[in-house]
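Asker: sequence-free structure coming up:
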């Protein structure tokens, strides 16, 4: 038995309203939002002195007593270097944003 209190599927309630209605999300003038300052990378994204020292220590240790060269997805030195490069780029991006403001 159909419920007559529910709106039909083709009503404006299911498709977001009529196209003529203004939306709170729509910005016809393209006003830029105020830029919030980028937060300093911390935790899993930090690039501090201890991280950089420990990275070099681990990388050297893996070179001396680690496994032989493996595929890129399995090699711990490659993964360590990729993480180092990601953190370095994030830190440079933060410094550039900090210098801009």
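Answerer: The structure has been received and is ready for your questions. In this text, all values refer to a predicted model and were calculated from it rather than measured experimentally.

Asker: tell me the secondary structure at residue 74.
Answerer: Here residue 74 is recorded as coil under DSSP: H, G, I helix; E, B strand; the rest coil.

Asker: pLDDT score assigned to it?
Answerer: We note a pLDDT of 93 for residue 74 in this prediction.

Asker: and it, how far from residue 39?
Answerer: Residue 74 is 33 Å from residue 39, where distance means CB to CB, to the nearest Å. (Each C-beta comes from the backbone N, C-alpha and C, glycine too.)

Asker: and the contacts of stretch 69-82?
Answerer: Identification of contacts with stretch 69-82 by CB atoms under 8 Å, 6 or more residues apart in numbering yields 55, 58-59, 62-63, 66-67.

Asker: and what of stretch 85-99?
Answerer: With contact meaning CB under 8 Å, 6+ apart, stretch 85-99 is reached by 37-41, 45-47, 51.

Asker: and the contacts of stretch 69-82, which of them are buried?
Answerer: 55, 59, 66 (16 or more other CB atoms under 10 Å).

Asker: please identify the helix or strand for residue 52.
Answerer: For residue 52, the host element (DSSP states H and E) is helix 49-65.

Asker: packing partners of that helix?
Answerer: With contacts taken as 3 or more CB pairs under 8 Å, 6 or more residues apart in numbering; DSSP states H and E, helix 49-65 sits against helix 76-100.

Asker: I am finished for the moment; much appreciated.
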